[in-house]
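Novice: turn this into a structure:
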Amino acid sequence: MSEQLEYRRRMQIGLLVSHLEDEFDSAVCEGAMMAAAQADVNLVIFPGRYIDGIYADKIRTEYEYQYNTLFDLPIYNKFDVLLVLIGTIGSHLDKKQKKEFLSRYKGTPIITITSKIDGYPCISVDNTTGLVDVIDHVIEKHGCKKLGFVSGPKTSDDAIARLEVFRSVVEAHGLEYSDDRVVYGNFSKYVTAEVEDLLDRNPDLDAIVFANDQMASAGYKVLESRGLKPGRDIMVTGFDNDPVAEELVPHLTTVKSDATELGFSALMEAVNYIVNGKLENDRIPSSMVCRNSCGCKGNPRLNHIMFATENEKIEKSTHELCDFMLNKYRASEETKRLRSEFSELLIKIHYYVNSSYLRDIHRHEELANMLDGMLSGDFFRYITLDNLYIVMEHIHNMYTRQNEDRDDQFMINRLFVQLYKIIAERNGAYSKSLLDDNYFLTWQTNSITRDMLVFEAYDDRAYLTVTDKLTRLHMTASYLISYESAIVNQKTDRWKLPENK
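Specialist: Prediction:
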C-alpha cells in the first residue's frame, strides 16, 4: 500500500459506464453505490456512453463524442482504482481498440467489468452454468428440437461466450446447429429487425434463446405481431434476470446474473484490490430462473422450494427460504441482517399456526406488526417482490393443507390475508417514494435548464440558482466553473481539460 493511500481518509474509486438510461449499466451503478456506502469509500461515476457508437439516429451518432469526453476526466483526477464497464462502453470496439482506450489511464490501476483485456484484472459473469441449464430445460423437458439464438455484438466477450454455450449444448443433444439460426443484435430492446429476420429464415423454430432479457422483450413484440405467444406457440428464454423479465407476459424464463450484484461485487473487489493487490472473487455465478415463457405452467419455482413443517427442521428450512428470497447483494451486511430477521418471522409464524394460540388475535397482531416493521426502510431494495410473494404463498398453502380443521384454516387464511395486505401497502408506499423522487429529479433538472435560459447573458444569478438546486438534490458540495470564451471541442480534436485562471 502506498504512503499516499495510508494517510488518505477515504479511498477514491471511479466507475466508467455507458449511460444511465441503459438498464444494465444503471443496475451496475446501483449495486456499486450500495457497496461504496457499506465500504465507506468515495465513488465517482462517469456515464460517457459508447465509444464509436453507431445508431439509426445519425445526429446522435455524430455528436456522441461529446459525451465520450467524460471518459477523459479520470485522467486529470487521481483515483486509487478505476472500474471500467468495457463490455458495454466498448461494445463496438475490438480487443485492440479496447486496450488502446484503457491505455489513456496509464499509472492508475484498472479493473475491467464483463470483458477480459490482456494485462488487466477482470470481474466477469459466469456465462455457462445457468445458460446450460436453461437450454437443457427447453430441450429435455419441453421437447424443443429447432432452436434459434439472438446473440449480442460480435465484439462482445459475453455474446461470444453465450453463443458458444448455445452451440455446444445443442450439439451435445444431437441436434442440428446452423449459423442460419443465429442473428446478432446489440443487447438492447431495439432488435426487432434482427428477430424478424431470424423468423423469416426459420419459420419452424420451436424455441428462441436470447443472449439477454432486453432483446427478449423485443422478441415478445415481434412474436405478438405474428400471432405467436411465448410459452405456448414458441419457447423463449433470456439472460440477466432484468426487472423486465417479470414485467413481460408470460414471465420470462431466464438466467440469473444480477447486474446489481455485479456492481456490488466489483466495487468490493476494487477495495480488496487496493488493500491486497489482488481480486478475491472475479466471477459472478449464474443460475436458471424458471418462469412461464419456456412452456412451464403455474409457478415452476415453487417446485424447488422444500418447506419442512416439522419443528426439528423448521430453522434449516426457513434459512433456505430466506436465501431464496433475499438473494440480492448477498455479501452485504444489510442482506445478512434481513435474512436473519425474516427467518425469525417465519419461525414465529410456524409456531403460531401449530399452537393453541392460533385463535389468539393478540398473537396475530404481533406477527403483523413484526412484518410491518421489517418492511419499512429499504427492505424492497434487497428483494424482488415476486420472490417475496412466492415464499409467503408457499408457506400459506403448506399450513392450510396440513390443518384439516376448517376453523383453524379460517384463522390461518385471515392471518395471511393481513400479511399480504401489509406487503402490498408497504411496497406501494416504497414505489410511490421512488416515483416521487424521480418526478422531483426531473422537475429540478428541467428547472435548472430553464433558469440558464431565462437570465440574460453574463447574469451570474443563473449560476447561483443552479448551485442552489443541486443542494436540494442532496449534493453537499458543488462547483460551477465559468469561462469567458466558449470551449469548442470538435470531433477531430482530442479533448483537453481547459485551464482555470
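Novice: contacting residues for the residue nearest in space to the middle of the chain?
Specialist: Centroid check for the chain by CA atoms, centre = their mean gives residue 259 as the closest residue, at 3.4 Å. Residues in contact with residue 259 (CB atoms under 8 Å, 6 or more residues apart in numbering) are 23-25, 27-28, 31, 240, 242. Yep, even glycine has a C-beta here, placed from its N, CA and C like the rest.
Novice: kindly report the same for residue 385.
Specialist: Counting by CB under 8 Å, 6+ apart, residue 385 makes contact with 423, 427.
Novice: again, only using 6 Å
Specialist: residue 427 (CB atoms under 6 Å, 6 or more residues apart in numbering).
Novice: most neighbours out of the contacts of residue 259, which is it?
Specialist: The most crowded member of the contacts of residue 259, judged by other CB atoms under 10 Å, is residue 240 (31 neighbours).
Novice: who's that residue bridged to?
Specialist: Beta-bridge pairing for residue 240 (DSSP bridges): residue 256.
Novice: what pairs with residue 151 across the strands?
Specialist: Counting by DSSP bridges, residue 151 is bridged to residue 184.
Novice: count of neighbours near it?
Specialist: Neighbour count of residue 151, defined by other CB under 10 Å: 24.
Novice: for residue 177, same thing?
Specialist: Residues near residue 177, counting by other CB under 10 Å, number 15.
Novice: so where's the longest helix in this structure?
Specialist: When the chain is parsed with DSSP state H, its longest helix is helix 406-454.
Novice: I figured residue 267 hits residue 37, correct?
Specialist: No. Counting by CB atoms under 6 Å, residue 267 sits too far from residue 37 to count as a contact (9.7 Å).
Novice: okay, these two: which has more neighbours?
Specialist: A direct count of neighbours by other CB under 10 Å for residue 267 and residue 37 places residue 267 higher, at 28 against 13.
Novice: now the more buried one, what's its secondary structure?
Specialist: helix (DSSP: H, G, I helix; E, B strand; the rest coil).
Novice: run through who's touching stretch 151-158.
Specialist: With contacts defined as CB under 6 Å, 6+ apart, stretch 151-158 is touched by 91, 94, 114-115, 127, 159, 163, 184, 186-187, 211.
Novice: typo on my end, it should be stretch 82-97
Specialist: Residues from elsewhere that reach stretch 82-97 (CB under 6 Å, 6+ apart): 14-18, 25, 50-53, 74, 98, 105, 108, 110-115, 153, 155-156, 266, 270.
Novice: how is the protein divided into domains?
Specialist: 3-124+261-284, 129-257, 305-501 (automatic domain parsing).
Novice: those domains: which one's closest to residue 293?
Specialist: Closest of the domains of the chain to residue 293 is domain 129-257, at 4.4 Å (criterion: CB to CB).
Novice: number of residues surrounding residue 407?
Specialist: Residues lying near residue 407 (other CB under 10 Å) number 10.
Novice: what do you get for residue 492?
Specialist: Residues near residue 492, counting by other CB under 10 Å: 6.
Novice: tell me where the protein has strands.
Specialist: 12-17, 42-47, 81-84, 110-113, 122-125, 147-151, 182-184, 207-210, 235-237, 254-256, 283-284, 287-289 (DSSP state E).
Novice: which other helices and strands does the second one contact?
Specialist: The helices and strands touching strand 42-47, judged by 3 or more CB pairs under 6 Å, 6 or more residues apart in numbering; DSSP states H and E, are strand 12-17.
Novice: redo the domains of the chain as a markdown table? Include mean pLDDT.
Specialist: Shown next, in a markdown table, are those (pLDDT from 0 to 100):
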| stretch | mean pLDDT |
| --- | --- |
| domain 3-124+261-284 | 87 |
| domain 129-257 | 95 |
| domain 305-501 | 82 |
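Novice: which of those domains is buried the deepest?
Specialist: Most buried of the domains of the chain by mean neighbour count (mean count of other CB atoms under 10 Å) is domain 129-257; its value is a mean of 20.
Novice: what's the end-to-end length of that domain?
Specialist: 10 Å (CA to CA, to the nearest Å).
Novice: on that earlier part again, model confidence score at the residue nearest to the centre of the chain, please.
Specialist: Residue 259 is assigned 86 on the pLDDT scale.
Novice: now it: how far from residue 477?
Specialist: As judged by CB to CB, to the nearest Å, residue 259 and residue 477 stand 29 Å apart.
Novice: let me know whether residue 135 touches residue 171 as I believe.
Specialist: No. The criterion here is CB under 6 Å, and residue 135 misses it with residue 171 at 11.0 Å.
Novice: which residues do these two both contact?
Specialist: What both residue 135 and residue 171 touch, as defined by CB under 6 Å, 6+ apart, is an empty set.
Novice: which one is the residue nearest to the centre of the chain nearest to, not counting chain neighbours?
Specialist: Setting aside the residues directly before and after it, residue 259 is nearest to residue 27 in space (CB to CB, 6 or more residues apart in numbering), at 3.6 Å.
Novice: what does residue 102 give?
Specialist: Among residues not flanking residue 102 along the chain, residue 110 sits closest, at 5.8 Å (CB to CB, 6+ apart).
Novice: my read: that neighbour touches residue 119, true?
Specialist: No. Between residue 110 and residue 119 there is no contact under CB under 6 Å: 9.0 Å.
Novice: give the contact list for residue 469.
Specialist: 444, 448.
Novice: compute the distance between it and residue 481, please.
Specialist: Using CB to CB, one obtains 17 Å as the distance from residue 469 to residue 481.
Novice: could you do residue 401 as well?
Specialist: Note on residue 401: its distance to residue 481, by CB to CB, is 68 Å.
Novice: what does residue 97 give?
Specialist: 32 Å.
Novice: ok, residue 427 next?
Specialist: Taken as CB to CB, the span from residue 427 to residue 481 is 43 Å.
Novice: how about residue 328?
Specialist: 39 Å.
Novice: equivalent analysis for residue 359, please.
Specialist: With CB to CB as the criterion, residue 359 and residue 481 are 70 Å apart.
Novice: residue 127 now?
Specialist: 44 Å.
Novice: next one: residue 376
Specialist: 42 Å.
Novice: also residue 258?
Specialist: Computed as CB to CB, the residue 258 to residue 481 distance reads 38 Å.
Novice: what's the answer for residue 113, then?
Specialist: When residue 113 is compared with residue 481 (using CB to CB), they lie 31 Å apart.
Novice: which residues touch the nearest residue to residue 198 once chain neighbours are set aside?
Specialist: Nearest non-adjacent residue to residue 198, counting by CB to CB, 6+ apart: residue 183, 4.6 Å away. Shown in contact with residue 183 (CB under 6 Å, 6+ apart): 150, 194, 197-198.
Novice: residue 45 touches residue 16, doesn't it?
Specialist: No. Counting by CB under 6 Å, residue 45 sits too far from residue 16 to count as a contact (8.1 Å).
Novice: so what's in contact with the two at the same time?
Specialist: When CB under 6 Å, 6+ apart defines a contact, no residue borders residue 45 and residue 16 alike.
Novice: contacting residues around stretch 434-451?
Specialist: By CB under 6 Å, 6+ apart, the residues outside stretch 434-451 that reach it are 462, 465-466, 469, 473.
Novice: cutoff 8 Å now
Specialist: Under CB under 8 Å, 6+ apart, the answer for stretch 434-451 is 462, 465-466, 469-470, 472-473.
Novice: ok, back up a step: residue 322: which of the contacts of stretch 151-158 is nearest?
Specialist: Looking across those and measuring by CB to CB, the closest to residue 322 is residue 127, at 27.8 Å.
Novice: which non-adjacent residue is nearest that closest one?
Specialist: Once flanking residues are discounted, residue 127 sits nearest to residue 161: 4.0 Å by CB to CB, 6+ apart.
Novice: swap in residue 234?
Specialist: residue 228 is the one closest to residue 234 (CB to CB, 6+ apart), at 5.5 Å.
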